[in-house]
Structures are given as C-alpha cells and as structure tokens.
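[1] Sequence and predicted structure, then a few things I'm wondering about:
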Amino acid sequence: MLLIRPKDKNLTDSTQDIEMNEDTDGDLRSRLDRLERETLESRRLNEQRVILAELKVEAVRAGIVDLDGLRFLDASQIQLEEDGGIPGGAELINQLKRTKPWLFATPSSSSTAKVPPSRPTRQKLATDMTDEEYRIARANIIKHSRV
C-alpha cells in the first residue's frame, strides 16, 4: 500500500526553523567563544599595562635615569594584588638597581636645600657703638685707606 502525504506547510516551516536554529546556535557559540577570547586578551593586556605603570612609579622613586631599563625585568611572573598594587615591586626595582646600577642616578652628597637669600650687612652707626668698638672700627678704616 502506498501512502501519499500531502505537503504540510507547517511541517516544512518548523523543519527549516530547527535547521536555522542549529545554524544560529553554532554561529552564536563561535561568536561567544571569540568574544571570550578577546575579553581575556584585553584583560591580560590591561593587567600588563597596570603592572608596567606600577613598576615605573617604583623606578622613578628609586631614581632611574631611563625607564627603558625596565625591559630588563621579567614582568611575566608578576601578578596584581586586589588593590591593583604589585607585591614586592620595590624589591624588584632594588634588585634591578643592584644588578644594573648604571640605569640609576648616583645619589648626590650635596644638599638640595636652597640657600637663604643674602641680606646686605647693616653697618653699625658710630652713635650705636661703644667707645671700644668705635676705636677698632676707626683703626680698620684708617688701615684700609693707607693700602
């Protein structure tokens, strides 16, 4: 016995929907995977930037002459703390300072304090001097005028 089924429009539409859903699911999964990879890569790059910025801060505090010297550090093993800091960042820079001292400025033994402004010496008036001070001042003036 041969059965002939009439073509059911609803049946073919639902089959196409299922096929489209399977294609759409595959596209969505691949897109989701791609977006997750991009997000992880972006997070990794941002963490590297923060690590480099923190190392630069520590290096400047230590007196580094050229920030390109930070390339000598192996930053791949450094992990960020919860607060965004680097554990042992100052120690890393100190170690770099010991191994490559030419990257850092030598500390100066001179003071960085400014010299107070000079004031002209105020000469004492003869009326303000004692008799002894007046005799000494007069003798100095006479002595310098002869020379």
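    Happy to help now that I have it.
[2] Residue ranges in this structure under the pLDDT threshold?
    Scanning the chain for pLDDT under 70 picks out 1-23, 107-111, 147.
[3] Please tell me how far the residue positioned nearest the centre of it sits from Ala75.
    Geometric centre of the chain, nearest residue: Ala53, 3.0 Å, by Cα atoms, centre = their mean. According to Cβ to Cβ, to the nearest Å, Ala53 stands 11 Å off from Ala75. For the C-beta atoms, the positions are set from N, CA and C on the backbone; glycine is no exception.
[4] before we move on, what about Asn46?
    The gap separating Asn46 from Ala75 is 14 Å, by Cβ to Cβ.
[5] what about those two, which has more around it?
    The residue with more neighbours, out of Asn46 and Ala75, is Ala75; 14 against 11, by other Cβ atoms under 10 Å.
[6] For the more buried one, which residues are in contact?
    By Cβ atoms under 8 Å, 6 or more residues apart in numbering, the contact set of Ala75 is Gln48, Ile51, Leu52, Leu55.
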